[in-house]
Structure formats: C-alpha cells, structure tokens
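Engineer: below are the sequence and a predicted model; questions follow.
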Amino acid sequence: MGPARPGGRRSAAVQGTGGSSAVSKCSAAERGYVQDRFVRLLVGRPRRRTALIHRGYYVRARAVDHCVQDFLLKTQSHPRTQILSLGAGFDSLYFRLKDMDLLRHTVIYEVDFPNVACQKATLIKRTEELSALVEDSGAEGSGVTTAFSGKDYRLLGVDLSELPKLSIALEEAGMDNEVPTLFIAEVVLTYMENSRSDALIQWAAEHFSHACFLLYEQMHPEDPFGRVMQQHFRQLNSALRSLSQYPDCEAQQKRFFEKGWTECSVMDMNEFFTCCIPEDEQRRVQALEPFDEYEEWHLKCSHYFVLTASKGMEPSWTPLLSNVTVPHHHGPIRLAGSISALACAVQSEVLGLRRYGHHSSVIKPNVILTTGGFGEENGHHCRMRNFHVLIKYAGSWKTKCVKKENPDKRWDERLYHTVSCLSDSLALVVGGRTSPSNAALGMLWLRFLKICNDLDPADVTVEPVSLQPAVERAALRWRHSTTEVIFKGEKYLFMYGGRSATQPVLGDWYFLHIPEISCTTISVEGPVPEGRHSHSACSWKGGVLIAGGLGAAEQPLNSVFLLRETEHGFRWQIIETHPPLIPRYSHTAHVHDEKLMLVGGVWFHSLCVPGITVIDLMTGLCVDYTINAECLEWPLMLHNHSSVFLPDEKELLLIGGGGNCFSFGTHLNPNPISLNLSSVLSSP
C-alpha cells in the first residue's frame, strides 16, 4: 500500500512487525529450536537474536504447527481440505508442509498486503528450491489480486480489513466454502479495528460449512508487562487494537462464541508449553543455549495465547483440550485487600538504583547497601559495577555511589549473588554470575572502612577483598540463598539451592561456620526439598524458612520448608498452607511476629500479578494482598527486585526490579517503593 493512502504509514508499520517476526523465526531455526530450512530462503541473511527471543518464537511456531498438523490429521479422510493463512507475510508454512508430504489433498491460500505478496512471489520465482516445490502453474495473471498461483498454493495481495474484496479474491482463486477449512491468524487481527476483525471472524463462521480457526495474539494489557508491551507497539505506530475489548482468554473465547463458532478452546503459552509439548522436547529446548531470563520468558508466555475454534466439524476439532495433562493455573485468588505503593522521594545524584538481579542489605539501622545487578549507569544499560547506599534521615532517603577502596577485579559486575552482613564492618558476597555461561565468581569479602553518619551518605567506603576458603567451589552458583542459622549457640551461613553453569537447578546445601567461613558437616534429617533456584530464604528461630522457587522443569513451586534445629543437627519440616500457596518464584521474603511475608515474584496465574502473601507460621493460613500502584506514573515490576523490611515502622522498602521485556525493551523501576504493612501485620 502506498503511503499516500489513508492509514498508509500504519500499514507500513504493521508490515514492519511481520518482517521483524520473520527474522526472529529464522534466527530460532538457525539455533535448532525449530526445523525449518525454508525460512532463511525467504528472509535472507540471518541476524542473531537472543535466547529469550528464540524461546518466544519457538513456542509460537510449536503452537501453530501442533494445531495445523492436528487439523490435517483429523481431516485426512476428506478428499479435499484448505488452509487460509491471514497476514502470512514471509512465513514458510506451505513449504514445510509440502516438504513433509502433508498436502496431498490440501490447498494453502496466503493473504497479505499487495506489496508483501508481490515481494514474496518474486522471491519464490527467483529461488529454485522454493519454486520447485510450488510447481508454478503460471496462473498469476488470472486474478487482479493473485500474486502467485501453484498446484496447491495461492498467494493473494489483499488488505484484510477490506472484507468484500477478500471474499471475492478468494472465490476467484478457487476457494471452496464447502470443504473443511482452517483459518490461521498469527498476531494479525489485533492490528485491525475491532469492528473489522470481528466481521472477519463472523464471516469465516457464516460462509464456510466446516471451519476451524487458529488465533495467536497478545493479552493482559493493563498489568506492568502488558503496559510495556502496549507502549512498544504504539511507538512502532502499530497499536494492539483488540486488547481494550478482548483483554484476556475468557473475552476472546466469548468473542468467538458470539460470532458463530460452536467450539472454542484457549490457553496461554505457559500452559501450552507445559501441557502440549512432551517433557523430553521441553528439556531439549531448555538445553539448547545458555539461558537465565526465566522471569521474562514466563511473563512473555503469560501475555500471549493460542485459541482454536470450530463449527460444523465432525468430530469436533479440539487440538488443545485433548492435550491438557495438568490442571489449569487459573483457580480463584481470594484477596484480603490491597496495599498502596508510594514512590520514595529520594535525594540522589545518581540513578544507581535502576537495576535488577542485585542485592540489598542493611549494614546498620536505616543504612542499606545495594550491590551488583544489571541496570542504568552513566546513561547506558550494563552490568553494574558501582555500589550504592540508601540512608534514611529526617524521614527521607538519600542515595549516592559508594567509594570503593582498591577496587578488586573479582567483583566482576555480578548478578544474582547474595550478601550477608556478619558485622557492621564486614559482609560476605557469595556467588553470582556475569553471563549464564560464566558463574565462576566465588566469594568475596566487603569491608566497610567508613560507615556513613546520619548527615552524609558519601562517608561510606567499601573495600572488596578476595578470599580462597576450601568451600570456594561450592559457591560457584547463582540464584541461591545464604541465610544465618544457629546450631548449639554457634552461627553459620546456610547456603542452599540456586543454579550453576552446568546444572540448571541445585538442591544441595552447605553450612559455613562464621567467622572463618569453613565448611562444617551437620546432620540434616526429614523430607528433603526438591532442588530450586530463585526462591526466598529467611532466618527464623535459629533455622531458615525456604519458600517457592523455580524447580527442575522450570515450573514454579509452592512448597514452604522450615529447617529447624534439633539436638543432633537440623530437620526439614514442611509448612502446610491453606489455601495452598500459589506457586511463585523471583520473590523476596521477610518474617515478622511469626508471619512470613512473600513479596512480588512471578507466577503462572493469569488474573493478577503477585503482590504480598502473608503466611501465619502457627496456623498455616495463607492470605494474599494486591499492591495498588495507581499513584505511580510507571509500571511497577516486582521481580528481580530486592526488599528491606524496617520492623519498627512496619515499612517495606522495594528497591529496583524489572527486566528485559521480550522484544519490547528493558524496564527498570525508577524509584524505591515504600509499602506500609501496619494493617496487614496487625490482622489476626
């Protein structure tokens, strides 16, 4: 479409998203996520994408292939079937199916903007490997909109929003409304005005006697990730128009029923990956390349869905329902209330708290040290080398960079480490990583040479010092926990779980005697927790509380364990919660007056994002609260964050958080957040 036409710029922007998608699919194929030797012929020279992008396009391709092949299998007894790909772009579906000999009685029709269809037709004609499969009939001049015509392939140039033209073009191209027909729309209808996309969905149901529909699109526009996603597409001049009227799976399902479809199933991509992809294939994909963006992966999957609908099919076409092997993640959440989030007015000369994957520790009352992570430094996104301190004075917070005495190269700008303050002048850094393939960072002392006074936070000076204890190799991990425990009056650091460069999940533990940090063998009995990382750990009554985390299958866990002291060692004890804790990870946790508070994180529940969960450790009662962030001018992402609880004020301070939001950009919470928990902690 020419730019002079109404909506021309928007059409060009939408076409641009299709081109970017094709490049990402090509990159995923090059890395072995999908078997597709044709996409490179259609896209040209491949450009490398990230592992997160690869996974996202893998699950999308897998969902489409799963449903398409199920349609072909269920209709193989029919003498003729059809597939209509709406907004097909440079997709290689036809060539892959043809190469697999799955189109013996099926004709594939592809529709896109006229200039896109012409570009693709030219590519096919010029590429011998493609043209040989199509068996060019030479009939491209038979219709005004037909860009290419083969024995079992038709490529049409039509604007999908112009439904009468589309209907005529398909009829001229030989489409039969009496044979089983599958409609495919991969992130296409959402760019159209709702009245036009609704009309297309209804037209397909009304004009085809035996019809199936496959839809893949975005959802959940109003939570923090959804807001970043929407802003990205608005900046590309290709706003997601369907989201306001159809924001979730239930609304999309109702949409199809109201437009004439008699069967409709829908699930988000977390559920599809878990339920419809065999476990051995899940493990293959998870092992393809170093990966450590679990939060962003699961959030991306929770914001996309796959929907299948049908009418007039005997038997009914339900490719999603027949593969559900585990329960849905969408049970009810009983919310006890909400807690208002207030942005802290921080007096600051730096932006050093805009970060994630960091650690924050209280080094003395009202003084918080933040180290490591990935964030914004000197106007650039990078792994953070500078330390920062927050000090509360006269009711407000100040922050500045911390001076490092004799900077040690062993700091290595690490992420997902732990920092345990052993005194007001000494802390121990354990583990962390630079990249997912490099976690050999071990341990490091932080000596506080100067401690800030109440007037000048610039008075903090920290000296990193290497150490080489015998347990150094045990510390080569990240996303773990180190928590102070007491055994027979002696203090130990309990290092538990995490992951390493070679092991995606660790379930081991070590007792490190303080202060010499020597590994000590102490007997541990009871039911051993399954391996996990990105869990929470809190000291309690001389032991440690472990909650949630991500397990070996990259599935969130809902177990809570107490490691308690016994006469001869420690014993694992399961804390039963009621109702059951919703599985979550990448949260933080604190204990106050025999109540365990879980803060933020990621879960698979689609109805809301995690807020504050309070568990009564005496009764097991589990209560959920939402975090009301309406007064904030930016999305509040509570994963990969840190938090500090100030018990006297019953105030929870949230520092940093966010991440790389798939292909939509990096979001960093710009300010610390204060939550007043007085009402929550005083509740019975």
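Structural biologist: Cool, the structure landed. Numbering: from 1, shown residues only.
Engineer: so what pLDDT did Arg45 get?
Structural biologist: If you check Arg45, the pLDDT there is 78.
Engineer: that one and Leu52: what is the separation?
Structural biologist: Relative to Leu52, Arg45 is positioned 22 Å away (Cβ to Cβ, to the nearest Å). All C-beta spots, glycine's among them, are computed from the backbone N, C-alpha and C.
Engineer: which of those two has more neighbours?
Structural biologist: Leu52 (20 against 7; other Cβ atoms under 10 Å).
Engineer: I'd like the average pLDDT over the strand or helix carrying Ile124.
Structural biologist: According to DSSP states H and E, Ile124 maps onto helix 114-126. Helix 114-126 carries an average pLDDT of 93.
Engineer: next secondary structure after that helix?
Structural biologist: helix 128-134.
Engineer: starting at the chain centroid, how far to that next one?
Structural biologist: 38 Å (Cα atoms, centre = their mean, to the nearest Å).
Engineer: and stretch 196-211, by the same measure?
Structural biologist: 33 Å.
Engineer: list the buried residues of it.
Structural biologist: Buried residues in stretch 196-211, counted by 16 or more other Cβ atoms under 10 Å: Ser197, Asp198, Leu200, Ile201, Gln202, Trp203, Ala204, Ala205, Phe208, His210, Ala211.
Engineer: got it, and stretch 70-87?
Structural biologist: Across stretch 70-87, burial judged by 16+ other Cβ under 10 Å covers Asp70, Phe71, Leu72, Lys74, Thr75, Thr81, Gln82, Ile83, Leu84, Ser85, Leu86, Gly87.
Engineer: which of those residues sits closest to Ser481?
Structural biologist: Asp70 (43.3 Å; Cβ to Cβ).
Engineer: end to end, how far does stretch 232-244 reach?
Structural biologist: End-to-end distance of stretch 232-244 (Cα to Cα, to the nearest Å): 16 Å.
Engineer: after the lowest-mean-pLDDT helix or strand in the chain, next one along is what?
Structural biologist: One helix or strand of the chain scores below all others by mean pLDDT, DSSP states H and E: strand 346-348, with a mean of 67. Where DSSP H and E defines the elements, the next helix or strand beyond strand 346-348 is strand 355-356.
Engineer: what lines up beside that following strand in the sheet?
Structural biologist: Sheet pairing for strand 355-356, assigned by DSSP bridges, gives strand 374-377 (antiparallel).
Engineer: now do the strand it pairs with: distance to the chain's middle.
Structural biologist: Worked out by Cα atoms, centre = their mean, strand 374-377 lies 20 Å from the chain centre.
Engineer: alpha carbons only: can I get that strand in CSV?
Structural biologist: C-alpha atoms of strand 374-377 as CSV (Å, rounded to 0.1, in the frame of the first residue of the first chain):
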residue,chain,number,x,y,z
PHE,A,374,22.0,-5.1,35.6
GLY,A,375,20.8,-1.5,35.2
GLU,A,376,21.5,2.0,34.1
GLU,A,377,24.9,3.5,34.7
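Engineer: need the next SSE after it, C-terminal direction.
Structural biologist: strand 380-383.
Engineer: packing partners for the helix or strand that comes right after that next one?
Structural biologist: For strand 380-383, the following helix or strand on the C-terminal side (DSSP H and E) is strand 388-393. Packed against strand 388-393 by the contact rule (3 or more Cβ pairs under 8 Å, 6 or more residues apart in numbering; DSSP states H and E) you find strand 367-371, strand 396-401.
Engineer: next one: the first one to chain centre, how far?
Structural biologist: Between the mean C-alpha point of strand 367-371 and the mean C-alpha point of its chain there is a distance of 28 Å (Cα atoms, centre = their mean).
Engineer: ok and that strand relative to strand 388-393, angle-wise?
Structural biologist: Angle, strand 367-371 to strand 388-393, by axes from the mean of the first three to the mean of the last three Cα atoms, to 10 degrees: 170 degrees.
Engineer: strand 367-371: partners in the sheet, and parallel or antiparallel?
Structural biologist: strand 359-364 (antiparallel), strand 388-393 (antiparallel).
Engineer: I'd like to know which of those strands is closest to Ser500.
Structural biologist: The nearest among the strands paired with strand 367-371, by Cβ to Cβ, is strand 359-364 at 18.1 Å.
Engineer: if you count neighbours, what's buried in the closest one?
Structural biologist: Neighbour-count burial for strand 359-364 flags His359, Ser360, Ser361, Ile363 (criterion: 16+ other Cβ under 10 Å).
Engineer: now it: mean pLDDT?
Structural biologist: 92.
Engineer: quick check: phi and psi at Arg479.
Structural biologist: phi 60, psi 30 (degrees, to the nearest 10).
Engineer: tell me the one among the buried residues of stretch 70-87 nearest to Arg284.
Structural biologist: Among the buried residues of stretch 70-87, Asp70 lies closest to Arg284 (Cβ to Cβ), at 21.0 Å.
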